[in-house]
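From the sequence below, what's the structure:
(chains A and B)
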There are 2 protein chains.
Amino acid sequence: MKIAILGGTGKEGAGLATRWALTGHSVVLGSRDAERARAKAAELCEITKKLTIVGHTNAEAAEMGDVVVIALPALGLAKTLPEVAAACRGKIVVSAVVPLTFGGPRLFTPPPAGSAAEEAQALLPEANVVSAFHHIAAHELADTDESIDCDLLICGQDTAAKETVADLGRSLGVRPIDVGGLSNAGPIEGITALLATINRRYRLKNSGIKITGL
Amino acid sequence: MKIAILGGTGKEGAGLATRWALTGHSVVLGSRDAERARAKAAELCEITKKLTIVGHTNAEAAEMGDVVVIALPALGLAKTLPEVAAACRGKIVVSAVVPLTFGGPRLFTPPPAGSAAEEAQALLPEANVVSAFHHIAAHELADTDESIDCDLLICGQDTAAKETVADLGRSLGVRPIDVGGLSNAGPIEGITALLATINRRYRLKNSGIKITGL
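The predicted structure follows:
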């Protein structure tokens, strides 16, 4: 499958790209700056010894992907997503966006739409937005010798789209868990604030979560 | 330690009472209706073969407790907490309140204060509010033959208060994790929406969460 990652030059996006390339997927890194995307893609090809990672502008990447993953900063959605709306039409779009505010009174405040994923759905009305991949630390993705010790919480409106995203998770060795409709995206995104706090407080880089009793 | 549980006749409150009584704590169940509290206390004494559970009104219970646990419905805070504010002065108050809305468009929407715990802190300005015990299913608390497979996420402003709550968790056999200040209470409460969804979707009664990498 060809996976486009918008904001793919960031740590989380690059980490996902690395892991997916290693499992045999083709990856297109998107960036505002095509040159930066190409440079990061070349770097990841070097690391993974795969030639299946390329770099383009976000708009070109969205056009090329069978599935489009958004790993953009939360504040960048309103600017970037309208530019890729046509390219995302009818596609599965995975929001891995985490709307955290560092240095403010509150690390996580849900956006007015309820979550970044719901904001993305509003900006991409003809795409099928699924919320996932918020809790796997970039550090853990980058350390490809280690398995990933985290469950994959997935929510969205469309069961078939969630199943495709579940398969993308299984290819990384994580257990997918269906957590209902997109209205649960806020609590999923909020967990990242807790993990960020735990990482800082316990001097970790890769805390994650698992669901028990399942 | 004497633990008051406001809303202690509900499933979650009664489950906590049962477990704490079994570990040697004294428990005062609070209810709007003292008679109902007494009846539930008698029932739990029968189950636990302990005589350390009593029932009173919420106000009397708050007066008697060294630590006060709030297991009230979220919508009941504004009415009940002002009645116990004087009794809670200077005490540790544990908010286990989960502001979920069943049947609406969104299972979890943070209250205007950011979380039920922050609402409780605003209503009990002279108490030391700690947020904890949202994720241990009532069903799991009630099944006292089994150990509890869930971490205890704790947040609050005061480190010593959090340590006391951590000890209350350890007495139940769960691992306490310090997740920073009370501003993280919203994401902690939100997780309960995810667990409720998982329980329904996977036909479980007692899903929980654990932090990995710690």
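
Only the buried residues of stretch A:157-168, if you could.
Neighbour counts over stretch A:157-168 (16 or more other CB atoms under 10 Å in any protein chain shown) mark A:161-162, A:164-166, A:168 as buried. For glycine as for every other residue, the C-beta is placed from the backbone atoms N, C-alpha and C.

whoops, stretch A:165-180 was the one
Under the neighbour-count criterion of 16+ other CB under 10 Å, stretch A:165-180 has A:165-166, A:168-169, A:172, A:174, A:176-180 buried.

ok, residues contacting it?
Outside stretch A:165-180, the residues that touch it by CB atoms under 8 Å, 6 or more residues apart in numbering or on different chains are A:1, A:3, A:19-20, A:23-25, A:67, A:92, A:94, A:130, A:132-133, A:136, A:147-148, A:150-156, A:159, A:162, A:188, A:210-211, A:214, B:107, B:194, B:197-198, B:201.

And it, end to end?
From its first residue to its last, stretch A:165-180 covers 14 Å (CA to CA, to the nearest Å).

who does the helix or strand bottoming out on mean pLDDT in chain A touch, helix- and strand-wise?
Here the helix or strand of chain A ranked lowest by mean pLDDT, DSSP states H and E is helix A:138-142, holding a mean of 90. When contacts are defined as 3 or more CB pairs under 8 Å, 6 or more residues apart in numbering or on different chains; DSSP states H and E, helix A:138-142 sits against helix A:11-22.

Just the CA trace of whichever helix or strand comes after the helix it packs on, in PDB.
Once helix A:11-22 ends, the next helix or strand along the chain (criterion: DSSP states H and E) is strand A:26-31. C-alpha atoms of strand A:26-31 as PDB (Å, rounded to 0.1, in the frame of the first residue of the first chain):
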ATOM      1  CA  SER A  26       5.700   2.500   0.000                       C
ATOM      2  CA  VAL A  27       5.800   5.800   1.800                       C
ATOM      3  CA  VAL A  28       5.500   9.300   0.500                       C
ATOM      4  CA  LEU A  29       6.700  12.000   3.000                       C
ATOM      5  CA  GLY A  30       4.900  15.300   2.500                       C
ATOM      6  CA  SER A  31       6.100  18.600   3.700                       C
END
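
list the helices and strands strand A:26-31 packs on?
strand A:2-6, helix A:11-22, helix A:34-48, strand A:53-57, helix A:58-64.

Mean neighbour count, mean pLDDT and distance to chain B added to these, as TSV?
Formatted as TSV, the helices and strands packed on strand A:26-31 follow (neighbours: other CB atoms under 10 Å in any protein chain shown; pLDDT from 0 to 100; distance: least, CB to the nearest CB, whole Å):
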stretch	mean neighbour count	mean pLDDT	distance to chain B
strand A:2-6	27	98	24
helix A:11-22	23	96	15
helix A:34-48	17	97	22
strand A:53-57	23	98	27
helix A:58-64	23	98	28
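
Ignoring the adjacent residues along the chain, who's closest to the residue most central in space within chain A?
Residue closest to the average C-alpha location in chain A (CA atoms, centre = their mean): A:Ala96, at 3.2 Å. Excluding the flanking residues, the one nearest A:Ala96 by CB to CB, 6 or more residues apart in numbering or on different chains is A:Phe133, at 4.0 Å.

Would the lengthiest helix in chain A count as contacting chain B?
Secondary structure of chain A per DSSP state H: the longest helix is helix A:185-201. Yes. Interface with chain B: helix A:185-201 contributes A:186-188, A:190-191, A:193-195, A:197-198, A:201 (CB under 8 Å from any CB of the partner chain).

buried subset of these?
Among these, the ones that count as buried by 16+ other CB under 10 Å are A:186-188, A:190-191, A:193-195, A:197-198.

Go through the residues you listed and say which is closest to A:Pro73.
Compare each of those with A:Pro73 using CB to CB and the shortest gap goes to A:Ala193, at 15.2 Å.

distance between stretch A:1-17 and the chain's centre?
The chain centre lies 7 Å from the centre of stretch A:1-17; the measure is CA atoms, centre = their mean, to the nearest Å.

One more: stretch A:18-31?
That offset, for stretch A:18-31, works out to 12 Å (CA atoms, centre = their mean).

Other residues contacting that stretch?
With CB under 8 Å, 6+ apart as the test, stretch A:18-31 has contacts from A:1-9, A:13-14, A:17, A:37, A:40-41, A:44-45, A:47-48, A:50, A:52-62, A:64-65, A:141-142, A:144, A:148, A:168, A:171-172.

what residue ranges in chain A are flagged as low confidence?
For chain A, no stretch has pLDDT under 70.

Could you pull up the residues touching the residue sitting furthest away from the middle of it?
The outermost residue of chain A relative to its centre, with distances by CA atoms, centre = their mean, is A:Gly213 at 26.2 Å. Contact analysis of A:Gly213 by CB under 8 Å, 6+ apart lists B:137, B:140, B:149, B:204, B:206-208.

Only whichever of those are buried, select them in ChimeraX.
Remark: buried members of the contacts of A:Gly213, expressed as a ChimeraX selection using 16+ other CB under 10 Å:
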select /B:137,140,149,204,206,207,208
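
So A:Ala153 belongs to a strand, correct?
Actually, residue A:153 is Leu rather than Ala. Yes. Assigned with DSSP: H, G, I helix; E, B strand; the rest coil, A:Leu153 falls within a strand.
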